[in-house]
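Asks: predicted coordinates and the sequence they were generated for:
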Amino acid sequence: DQQVKQNSPSLSVQEGRISILNCDYTNSMFDYFLWYKKYPAEGPTFLISISSIKDKNEDGRFTVFLNKSAKHLSLHIVPSQPGDSAVYFCAAEAGNNRKLIWGLGTSLAVNP
Amino acid sequence: NAGVTQTPKFQVLKTGQSMTLQCAQDMNHNSMYWYRQDPGMGLRLIYYSASEGTTDKGEVPNGYNVSRLNKREFSLRLESAAPSQTSVYFCASRRRGGTEAFFGQGTRLTVV
């Protein structure tokens, strides 16, 4: 049973436009959420995170929004660049157990 | 800074053979993790170690054992490899109270 769901396996956007990647979760105990980016043949790298006590966190071109009532979060990339083309993973954890639960990822292609 | 180092990067095993995947981090992190990534399955947690001297099962521990040798090193052992264990394996580490996990480059394992 997938506790963290990324329902779009892939997304294609034009350079300069906004990319919106979505993530839904089922476990109401999750209190911390992270986004990772992964290029082929490399390990995932951390992008941005958000605590459940917030509804928005921004870092440069990247913004994560959290809607706790809907158990939904989204990652916005504005403006999108070709170098953003990668697989994006949403991950969540509950309390102090330190276990990250991952979604299946969304492959983003930013076209020049 | 080397970060998280995994060895080997590639390995081919015959069914029934055993091997140990090595992972070391030089960031003085408390928590370490082993994941496997399969096509369409995202990242699945095999085992993790919240601190030196402790290990816990993740989502898919069957067929694997781990050893947290010291604070730096966390190894993953396959006692009798099976084709179903063909995957890319990632090691990660995280500091106490930290948000992001740092990943190694991965080990691509093929069991024939």
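Replies: It's in.

Asks: which bits of chain B sit near chain A?
Replies: B:4, B:31, B:33, B:35, B:40-45, B:48, B:50, B:56, B:58-59, B:90, B:92, B:94, B:99-106 (CB under 8 Å from any CB of the partner chain). For every residue, glycine as well, the C-beta is placed using N, CA and C.

Asks: buried subset of those residues?
Replies: B:4, B:31, B:33, B:35, B:42-45, B:48, B:50, B:58, B:90, B:92, B:94, B:100-106 (16 or more other CB atoms under 10 Å in any protein chain shown).

Asks: now do the strands in chain A.
Replies: Along chain A, counting by DSSP state E, strands occupy A:4-5, A:10-14, A:19-25, A:32-38, A:45-51, A:56-59, A:62-67, A:72-77, A:86-93, A:101-102, A:106-111.

Asks: isn't B:Thr5 right up against B:Arg72?
Replies: No - here B:Thr5 lies out of contact with B:Arg72, judged by CB atoms under 8 Å, at a distance of 9.8 Å.

Asks: need the residues touching each of the two.
Replies: B:Ala24, B:Gln25, B:Asp26 (CB atoms under 8 Å, 6 or more residues apart in numbering or on different chains).

Asks: in CSV: the residues you listed, plus neighbour count and secondary structure.
Replies: Output for the shared contacts of B:Thr5 and B:Arg72, formatted as CSV (neighbours: other CB atoms under 10 Å in any protein chain shown; DSSP: H, G, I helix; E, B strand; the rest coil):
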residue, neighbour count, secondary structure
B:Ala24, 20, strand
B:Gln25, 24, strand
B:Asp26, 12, coil
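
Asks: now, among the residues you listed, which is nearest to A:Cys90?
Replies: B:Gln25 (23.9 Å; CB to CB).

Asks: please name the nearest non-neighbouring residue to that closest one.
Replies: Counting by CB to CB, 6 or more residues apart in numbering or on different chains, B:Gln25 lies nearest to B:Ser93, which is 4.1 Å off, once chain neighbours are set aside.

Asks: and the angle from the helix or strand hosting the one you found to strand A:32-38?
Replies: Following DSSP states H and E, one finds B:Ser93 within strand B:87-94. Relative orientation of strand B:87-94 and strand A:32-38, computed by axes from the mean of the first three to the mean of the last three CA atoms, to 10 degrees: 130 degrees.

Asks: next structured bit after strand B:87-94?
Replies: That would be, after strand B:87-94 and using DSSP H and E, strand B:102-103.

Asks: export the helix or strand following that next one to PDB, keeping only CA atoms.
Replies: Once the chain leaves strand B:102-103, the next helix or strand it forms, by DSSP H and E, is strand B:107-111. Output of strand B:107-111 as PDB, limited to C-alpha atoms (Å, rounded to 0.1, in the frame of the first residue of the first chain):
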ATOM      1  CA  THR B 107      25.600   0.100  -6.700                       C
ATOM      2  CA  ARG B 108      24.100  -1.600  -9.800                       C
ATOM      3  CA  LEU B 109      23.700  -5.300  -8.900                       C
ATOM      4  CA  THR B 110      22.700  -7.900 -11.400                       C
ATOM      5  CA  VAL B 111      21.900 -11.500 -10.300                       C
END
